[in-house]
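Engineer: Following is a predicted model, sequence given first.
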Amino acid sequence: MSVSDIIADLKALYAEKNCGPIMIRLSWHDAGVYSNGAKTGGCPNAAMRFTDGGEGSFGANAGLPTVALGLLQPITDKYVTPGVISHADLWALAANVAIEHMGGPAIPTRFGRVDATSSAESVESQSMRLPDGDKGVDHLREIFHPKGFTDRDIVALSGAHTVGKCHADRSGFDGAWTEDHLKFDNSYFTDMLNKQYTDMTTAAGCPQKKHESGTIMLISDLALLEPPFREWVELYAKDQDAFFKDFVAAWVKLQENGCTGLRDSL
Ligand code: HEM
């Protein structure tokens with residue numbers, strides 16, 4: 001088995017199913033529960049694959065154990081091998097291949113994340129670990145600072161919403177952030193600065209912002225227009241390379257938060 005075989009299979013899956021964005025969210029929610037503040041632990045361990053409680057049944061993860069893992073199943077069956085590549089490693093790699101496949105930066109993946117063996121190895125709840133889309137910057141800071149991220153990192157990481165969609169039957173929010181939700185570029189930031197948004201409530205009762213073209217922003221996205229966050233929104237809107245550079249640094253840190261002894265190759 002080589003990493004390039006796995007990458008080739010992931011690219012073929014994305015070309016056929018256009019499912020790169022949900023793989024990014026899978027890796028983000030596996031690693032994103034990590035905290036080193038009032039809550040501790042939560043390194044990426046693929047606990048979400050168990051649905052008898054724990055991370056696999058968190059509301060915030062709706063769609064990930066079913067849709068994302070369903071799409072990934074043939075590649076999981078073919079490659080996941082204890083001691084070589086774990087489920088959590090595959091999820092990290094799947095996200096990084098998706099980002100590059102959609103036009104984003106190349107991202108190095110390291111290996112050696114240790115998988116949970118049951119739902120009991122989940123963090124206790126999503127609360128204070130994963131962010132809510134209907135809240136503002138105080139909430140974003142409460143969630144991201146204990147993971148070791150700065151305000152600038154929060155802006156760069158949020159830029160992942162340049163791809164993908166909100167699904168009414170998963171989060172209750174509804175719609176894509178940008179015109180081309182399969183292109184990883186800086187249009188999340190240019191849209192945020194250039195488009196006028198109005199308030200709306202989705203059919204599921206969630207408050208969000210919409211533009212007349214049909215694209216949306218969450219309250220947590222437009223909160224980034226407040227200083228000091230706005231400075232980096234403006235930078236990334238005019239300089240995509242700066243966005244990519246900052247995104248890669250914050251994203252690799254997120255994917256490896258709490259992990260020890262990772263290897264550069266399988
Ligand atoms: C800053 C706080 C964040 C909030 C409040 C937030 C919230 C959300 C919500 C509500 C959805 C919709 C899920 C669905 O209905 O399918 C979503 C999707 C998504 N999020 Fe975030 N998110 C945040 C940060 C991030 C970060 C840090 C990343 C990765 C670096 C990320 C990547 C994505 C992607 C790629 C999708 C699209 C998934 C798809 O198309 O299926 N988000 N996010």
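Structural biologist: Thanks, I have it.
Engineer: so where is this structure shaky, pLDDT-wise?
Structural biologist: Applying pLDDT under 70 to the chain flags no residue at all.
Engineer: Break it down into its structural domains.
Structural biologist: Listed by automatic domain parsing, the domain ranges of the chain are 3-128+251-256, 137-246.
Engineer: and the gap between the closest residue to residue 86 other than its chain neighbours and residue 256?
Structural biologist: The spatial neighbour of residue 86 that comes closest, neighbours along the chain excluded (Cβ to Cβ, 6 or more residues apart in numbering), is residue 115 at 4.6 Å. C-betas here are computed from N, CA, C, even on glycine. Going from residue 115 to residue 256 by Cβ to Cβ, to the nearest Å gives 15 Å.
Engineer: Identify the residue spatially nearest to whatever residue of the stretch 101-250 of the chain ends up closest to the ligand, adjacent ones excluded.
Structural biologist: Proximity of the stretch 101-250 of the chain to the ligand (Cβ to the nearest ligand atom) peaks at residue 164, 2.4 Å away. Closest residue in space to residue 164, ignoring its immediate chain neighbours: residue 21 at 3.0 Å, by Cβ to Cβ, 6+ apart.
Engineer: so that neighbour makes contact with residue 95?
Structural biologist: No - contact criterion Cβ atoms under 8 Å: residue 21 and residue 95 do not qualify, at 9.6 Å.
Engineer: shouldn't residue 135 be in contact with residue 220?
Structural biologist: Yes - with contact defined as Cβ under 8 Å, residue 135 reaches residue 220; the gap is 5.9 Å.
Engineer: more crowded one of those two?
Structural biologist: residue 220 (21 against 15; other Cβ atoms under 10 Å).
Engineer: For the closest residue to the more buried one other than its chain neighbours, what is the enclosing helix or strand?
Structural biologist: Nearest non-adjacent residue to residue 220, counting by Cβ to Cβ, 6+ apart: residue 133, 5.0 Å away. Using DSSP states H and E, residue 133 sits in no helix or strand.
Engineer: Am I right that residue 133 is in contact with residue 222?
Structural biologist: No - at 10.7 Å, residue 133 does not count as touching residue 222 under the criterion of Cβ under 8 Å.
Engineer: re earlier: quick check: the residue nearest to residue 164 is in a strand.
Structural biologist: No - Residue 21 is assigned helix when assessed by DSSP: H, G, I helix; E, B strand; the rest coil, not a strand.
Engineer: What is the burial count for it?
Structural biologist: 24.
Engineer: Could you pull up the residues touching it?
Structural biologist: For residue 21, the contact set (Cβ atoms under 8 Å, 6 or more residues apart in numbering) comprises 98, 102, 163, 164, 165, 181, 182.
Engineer: The same query, at a cut-off of 10 Å, please.
Structural biologist: 14, 68, 95, 98-99, 102, 160-165, 176, 181-182, 184 (Cβ atoms under 10 Å, 6 or more residues apart in numbering).
Engineer: Next: residue 201.
Structural biologist: Residue 201 neighbours (Cβ under 10 Å, 6+ apart): 174, 207, 208.
Engineer: Quick check on those residues: which are buried?
Structural biologist: Among the contacts of residue 201, those buried by neighbour count (16 or more other Cβ atoms under 10 Å) are 174, 208.
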